[in-house]
Each structure stands twice: as C-alpha cells, then as structure tokens.
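**Q** How does the following fold in three dimensions:
(one chain, ligands or ions: 1)
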Amino acid sequence: MITTTSSWKKLVALGKEAPQSTLSGLFAADDQRATRNTLHLNLGSGSIIADFSKQNITPEIVSALLELAQEASVPSRRDAMFAGDPVNSSEAQPALHVALRAPSTQKIVVDGIDVVKEVQQVRQSMADFANGVRNGKIVGATGKPFTHIINVGIGGSDLGPALVWDALSQTLTPSLHCSFVSNVDPVEVEKVLEGHDAQCTLIVMCSKTFSTTETLSNSRIIQRWLAGSVGDTGVAQHCVVVSVEPQRATSAGIAFAHSFNIWPWVGGRYSVSSAVNLANVVAFGSDVFDDFLGGMCAVDKHFVEAPLATNIPVMMGLISVWNRSILGRETQAVVPYATAMRLFAPYLQQLIMESNGKQVGSDNVVVATQTSPVVWGSIGTNSQHAFMQMLHQGTSVVPVDLIGFARTPAVHGDAHDSLMANMFAQAQALAFGAESTEPQRVMPGNRASTVLMASELSAQTLGALIALYEHSVFVQGCVWGINSFDQWGVELGKKLAQNISEQIAQGVPSSDQDASTSQLLQWYLKHQ
Ligand code: F6P
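**A** You can find the predicted model right below:
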C-alpha cells in the first residue's frame with residue numbers, strides 16, 4: 001500500500017509543514033525558483049512549457065514526490081503500458097492508446113498481432129475515405145456531395161471529437177461542417193437535424209461497444225430522418241460506423257456503407273487518437289489528423305524518455321497527488337485562456353474522473369487515500385467574471401491549471417495580449433494575494449496554479465496537451481494503485497435506467513421500487 005512507503009510518510013510530514021512556507025516566501029528565498037520549476041517540451045514546429053513554480057512545492061517536496069514515483073513503480077508500469085501488457089487488470093487487457101499514434105516503424109505485439117500495423121491500415125483507410133468525401137468521389141444517395149457531418153456518440157465517442165472540432169475550427173477552415181449529437185434528450189437530436197439537409201449529410205456513428213442506449217436511440221432517430229429524404233435504400237450510403245464490432249450495429253438494425261475499426265484495448269476516454277476522431281479527419285483532412293497524432297506521439301516519447309524530474313506528465317501527475325492526497329484539495333480547476341478550448345474542461349472531466357474516480361485498488365483492497373479530484377473549469381477571461389472570486393478569497397483552496405498560447409491567428413493581436421495578461425495576472429493574484437487594511441479586501445494568496453503554455457493552438461499542440469493529461473492521469477493511477485482503465489461505476493446507473501424505462505413503457509412503477517422513485521415515476525406518468 002502506497003501510504004506505508006517512506007516517501008509517502010515523508011510527504012505527509014511535509015504536508016503538515018507546507019502552510020508555513022508561503023509562495024511569496026519561497027520566491028523571495030530563491031531567485032531560481034521560476035526557472036528550476038519550469039519544464040520544456042520541444043515538439044519540432046511548436047513547443048510547450050509547464051511552469052510549476054506557483055505550486056505549493058519545495059525542493060524537498062519535489063524530491064519526495066520523485067521518490068514516490070519510484071516506489072509506485074511509475075517507470076516500470078509506464079513501460080508495461082507501452083509494451084501492451086494487460087495493465088487494465090479487471091478487464092485483462094492492455095491500454096494501448098499510445099499504439100494509435102506510434103511511429104509506423106514501431107512494433108507492439110498483442111496476442112501475436114502487431115497492433116501498430118493494424119492501426120496504420122485503419123489510418124490509411126480513414127485517409128482514403130476522408131479524401132473521397134472531400135474530393136466529391138464519395139457522395140450521398142442522391143448524388144450530392146457531403147457538406148455536413150453529424151457525429152453520434154457519447155462519452156469518449158463524443159467529447160474528444162467535439163473538443164478537436166471546436167478547437168481547430170476556430171483556427172483552420174474545415175471543408176465540411178461538423179455537429180455533435182450525444183444526449184438521449186430528443187430535443188438535442190431534433191434541433192441538430194433541423195439545421196441539416198439530409199441529402200448532403202454524412203453520419204458518423206461512434207460507439208466502441210455499439211450497445212450504448214443513447215447512441216442507439218440517436219442513430220435510429222437519424223436513420224428515420226435520412227430515410228425520409230433519401231429513401232430506405234439510400235440510408236446506408238450516408239452512414240459510417242466506428243466500433244470494435246461494426247456488425248453489432250447491423251444486429252441493432254443500423255444500416256451503414258462504411259465502417260472503421262477500433263480495438264478492445266482503446267479505452268473510450270482514450271479514443272481521440274483512433275477512428276473515433278473520423279469526423280475531424282474528414283472535415284480537416286488527414287494531414288491535420290497526422291499533425292494531431294504527431295503532437296501526441298512527441299509527448300509519448302517524452303513520457304518514456306525524459307528523466308522523471310524533467311518529465312512534464314510525471315510532474316503534473318505527482319503534483320496532482322500532492323494537492324489531492326496530501327494537501328486535501330478536493331477539486332481541480334482547468335482554465336484555458338482561449339475560447340477555442342472551451343470544451344477542454346468537459347473533456348478532462350471524463351478523462352480524469354472516469355479514470356481515477358475509484359476507491360478500490362487494482363489489488364481489490366480499499367485505498368487508504370483520496371483519489372480523483374472533482375475536475376471543473378471554463379475559459380478565461382469569462383471565468384474571472386464568474387467563479388474566480390471564490391478561488392481567490394473562498395474558504396476552499398482550488399489548484400488551477402491555466403493554459404495559454406503565445407501566438408494567435410486573430411488579426412487583433414492586442415486583444416490577445418490582453419487575454420494573456422489576464423492569465424498571468426490570475427496566476428500572480430492567486431499566488432501572492434494582496435494586503436489591505438480592510439479585511440474583506442485581503443487576498444490571502446498562496447493558492448496553487450500551474451501555467452501550461454504552448455506556442456500556438458494547432459492540431460499538434462492540442463494533441464500534445466491531451467496526451468500530457470492522459471499520462472498525468474496514468475501517473476496518478478499508479479501512485480494510488482488503481483486501475484485507470486475500467487469504469488465499473490458507470491454500469492449500475494445504465495442497468496437501473498433500463499429497468500425504469502421498461503416501467504415507464506408499461507405505464508406503472510413496479511411494486512419493488514423504493515418509495516421515492518415510485519412517487520417520482522407516478523408524478524412523471526401523470527404529468528406527461
Ligand atoms: O460513460 C461510460 C462509457 O462507457 C465511457 O467510458 C465511454 O466513452 C462511453 O460510455 C461511450 O461508450 P461507447 O463508445 O461504447 O458507446
């Protein structure tokens with residue numbers, strides 16, 4: 001158990017002393033603090049820096065955290081993940097999202113099969129399909145070229161592609177327009193369909209399992225809508241399935257003309273580097289997807305090769321453990337200073353909380369420490385006019401990741417300077433606070449933030465930022481001794497919803513419902 005290791009005990013002791021060393025004091029005592037706690041990652045055409053100097057850490061704490069990483073076997077577990085070992089122990093399978101962006105020359109063998117070769121084949125067929133749609137060789141059933149894409153999926157089959165679309169469409173010009181349908185709320189799908197001409201719309205139905213209620217329901221609604229315009233026989237020509245087993249879509253009565261495989265070893269929340277991102281490959285072109293995967297691959301290489309002390313995802317993960325488990329910070333905010341990144345916080349919510357929101361370790365023993373923080377956030381500067389007040393002066397201390405970009409594609413560079421000035425100012429105010437003779441105006445300061453900056457928001461840097469968080473999550477899971485790749489907690493809700501749906505269809509709650517649910521169901525049925 002990690003809590004019995006010497007590094008953990010050291011960290012607990014250091015955690016008790018931490019309030020005495022304020023960030024103001026630490027900076028005053030060490031004029032190298034900023035540079036010593038800033039890590040660099042060169043991506044070739046772009047770069048990223050991670051400034052951890054405004055975290056509540058000292059050289060002693062960093063060295064104990066690095067010892068902890070060794071005691072938690074982070075390096076050997078990382079290597080096992082990259083080698084395709086079954087690190088997802090409860091499902092006895094690898095977690096090989098890194099194979100999705102591995103160089104084509106690399107070999108990763110799972111059950112005797114070189115998965116990199118399979119990945120490259122699917123990538124090539126995605127590129128061929130994307131080119132066909134983009135150059136008008138692949139058209140709809142009435143011969144019209146596709147101008148719009150609707151991605152149908154939920155969780156990892158939605159959040160990743162939606163983030164990539166939202167982020168890149170603000171800087172690049174897509175050839176097709178993408179919309180996203182995820183919730184089983186019929187208002188969502190009906191509203192999206194209202195804005196589309198079926199004859200020019202390509203539907204990408206993403207579901208690893210193809211058993212997800214929301215995606216099945218939306219796919220069926222959309223197929224009926226298509227049939228109304230292109231006839232029953234034309235529907236398939238407008239539909240693409242992305243799944244581990246595309247034939248499951250056929251069994252569910254879904255027609256499609258094209259399909260792309262993913263693999264059981266791609267976790268839903270780690271699937272943004274797979275064919276789940278097909279909508280963006282079609283919209284932006286396969287070169288852009290290559291750049292995106294290139295950014296991820298550069299981070300994978302850094303994660304494997306950089307010494308722990310200069311390894312950005314390792315330090316991100318260890319500092320998250322410090323904040324959550326030692327200092328007891330219950331939540332973690334993420335605030336990118338770019339409207340294009342407004343979907344990053346929801347994306348990270350799934351990545352972090354579905355991965356590490358667990359209380360039983362891989363050894364089936366209840367963990368003796370706190371695990372995943374609650375992750376939340378929004379964009380800057382909007383958040384400064386919403387929740388930042390609480391972060392500066394509230395009674396709960398919330399570590400914040402602030403994310404910014406040096407260059408902007410916008411014409412009004414002075415406004416971008418103002419955007420970045422605000423980000424730097426927030427980090428400064430959180431760390432150093434302000435004194436006042438009026439108690440209500442006192443800003444306590446000493447509040448932790450990490451600043452992540454990339455040269456610009458591009459496919460490459462977006463991929464890199466996502467991969468940094470993926471590996472940070474892995475590091476945290478290693479330390480806490482939990483399996484970051486399963487999600488059993490999600491299943492019970494799905495089962496109960498299925499049972500309640502049947503009772504709604506019958507118009508009567510079953511007698512074995514608890515009194516509250518039974519009352520709610522009766523009220524619902526009466527007021528429909
Ligand atoms: O929310 C649970 C979950 O299983 C996620 O892990 C996954 O990303 C999502 O549902 C969608 O699953 P699928 O891609 O199989 O439809």
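
**Q** Touching, residue 446 and residue 56? I think so.
**A** Yes - counting by Cβ atoms under 8 Å, residue 446 touches residue 56, with 7.0 Å between them. All C-beta atoms are positioned from the backbone trio N, CA, C, and that covers glycine.

**Q** any shared contact partners between the two?
**A** Here residue 446 and residue 56 have residue 23 as joint contacts, going by Cβ atoms under 8 Å, 6 or more residues apart in numbering.

**Q** So these two - more neighbours on which side?
**A** residue 56 (24 against 20; other Cβ atoms under 10 Å).

**Q** got the phi/psi numbers for the closest residue to that one other than its chain neighbours?
**A** Nearest non-adjacent residue to residue 56, counting by Cβ to Cβ, 6 or more residues apart in numbering: residue 448, 5.1 Å away. According to degrees, to the nearest 10, the main-chain angles of residue 448 amount to phi -80, psi 140.

**Q** do the same with the one 10 residues further on
**A** The main-chain torsion angles of residue 458 are listed as degrees, to the nearest 10 and equal phi -140, psi 170.

**Q** Apart from its neighbours in sequence, what residue is nearest it?
**A** In space, residue 458 is closest to residue 46, 6.1 Å off (Cβ to Cβ, 6+ apart).

**Q** what residues are up against the one you found?
**A** Residues near residue 46 by Cβ under 8 Å, 6+ apart: 295, 454, 455, 456, 458, 460, 461, 464.

**Q** of the residues you listed, closest to residue 230?
**A** Proximity of the contacts of residue 46 to residue 230 (Cβ to Cβ) peaks at residue 458, which lies at 36.8 Å.

**Q** State the number of residues packed around the closest one.
**A** A count of nearby residues for residue 458, using other Cβ under 10 Å, gives 24.

**Q** you'd agree it is up against residue 294?
**A** No - taking Cβ under 8 Å as the definition, residue 458 is not a contact partner of residue 294, at 10.2 Å.

**Q** Return only those of the contacts of residue 46 found close to the ligand.
**A** When contact is defined as Cβ under 6 Å from any ligand atom, those do not meet the ligand at all.

**Q** list the contacts for residue 332?
**A** Going by Cβ under 8 Å, 6+ apart, residue 332 touches 320, 323, 324, 352, 373, 374, 375, 376, 398, 399, 400, 401.

**Q** Let me see the contact set for the closest residue to the ligand within the stretch 201-350 of the chain.
**A** With Cβ to the nearest ligand atom, the shortest gap between the stretch 201-350 of the chain and the ligand falls at residue 268, namely 2.3 Å. Neighbouring residues of residue 268 by Cβ under 8 Å, 6+ apart: 155, 156, 157, 208, 487.

**Q** neighbour-wise, which of those residues leads?
**A** Top of the contacts of residue 268 by neighbour count (other Cβ under 10 Å): residue 157, with 31 neighbours.

**Q** Am I right that that one is in contact with residue 277?
**A** No - Residue 157 is not in contact with residue 277 according to Cβ under 8 Å; the separation is 10.1 Å.

**Q** where do the contact lists of the two overlap?
**A** Joint contacts of residue 157 and residue 277 (Cβ under 8 Å, 6+ apart) are residue 271.

**Q** just the strands in the stretch 1-150 of the chain please.
**A** For the stretch 1-150 of the chain, the strands defined by DSSP state E, counting those that start in this stretch cover 38-42, 47-51, 109-110, 113-114, 148-152.

**Q** out of those strands, nearest to residue 439?
**A** Smallest distance to residue 439 across the strands of the stretch 1-150 of the chain (Cβ to Cβ): 31.1 Å, for strand 47-51.

**Q** ok, the closest residue in space to residue 212 that isn't next to it in sequence - contacts?
**A** Using Cβ to Cβ, 6+ apart and skipping residues adjacent in sequence, the residue nearest residue 212 is residue 154, 6.0 Å away. Under the criterion of Cβ under 8 Å, 6+ apart, the contact list for residue 154 reads 182, 183, 212, 214, 215.

**Q** Got phi/psi on the third one?
**A** By that I understand residue 212. phi -80, psi 120.

**Q** burial count for it?
**A** Residue 212 is flanked by 20 other residues according to other Cβ under 10 Å.

**Q** before we move on, what about the one 10 residues further on?
**A** Other residues within reach of residue 222, judged by other Cβ under 10 Å, total 25.

**Q** pretty sure it is in contact with residue 186, am I right?
**A** No - counting by Cβ under 8 Å, residue 222 does not reach residue 186; the two are 11.4 Å apart.

**Q** and residue 205, that one's in a helix?
**A** No - counting by DSSP: H, G, I helix; E, B strand; the rest coil, residue 205 is not part of a helix but strand.

**Q** Which members of the contacts of residue 154 additionally contact the ligand?
**A** Okay, of the contacts of residue 154 touching the ligand (Cβ under 6 Å from any ligand atom), that's 212, 215.

**Q** Among the contacts of residue 154, which ones are in helices?
**A** 214, 215 (DSSP state H).

**Q** Just put the contacts of residue 154 in JSON lines and tack on distance to residue 505 and pLDDT.
**A** Converted to JSON lines, the contacts of residue 154 look like this (distance: Cβ to Cβ, whole Å; pLDDT from 0 to 100):
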{"residue": "182", "distance to residue 505": "23", "pLDDT": "98"}
{"residue": "183", "distance to residue 505": "20", "pLDDT": "98"}
{"residue": "212", "distance to residue 505": "19", "pLDDT": "96"}
{"residue": "214", "distance to residue 505": "17", "pLDDT": "97"}
{"residue": "215", "distance to residue 505": "20", "pLDDT": "98"}
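
**Q** returning to that earlier point: how close does the residue nearest to residue 458 get to residue 61?
**A** Shown here: residue 46 relative to residue 61, a distance of 31 Å by Cβ to Cβ, to the nearest Å.
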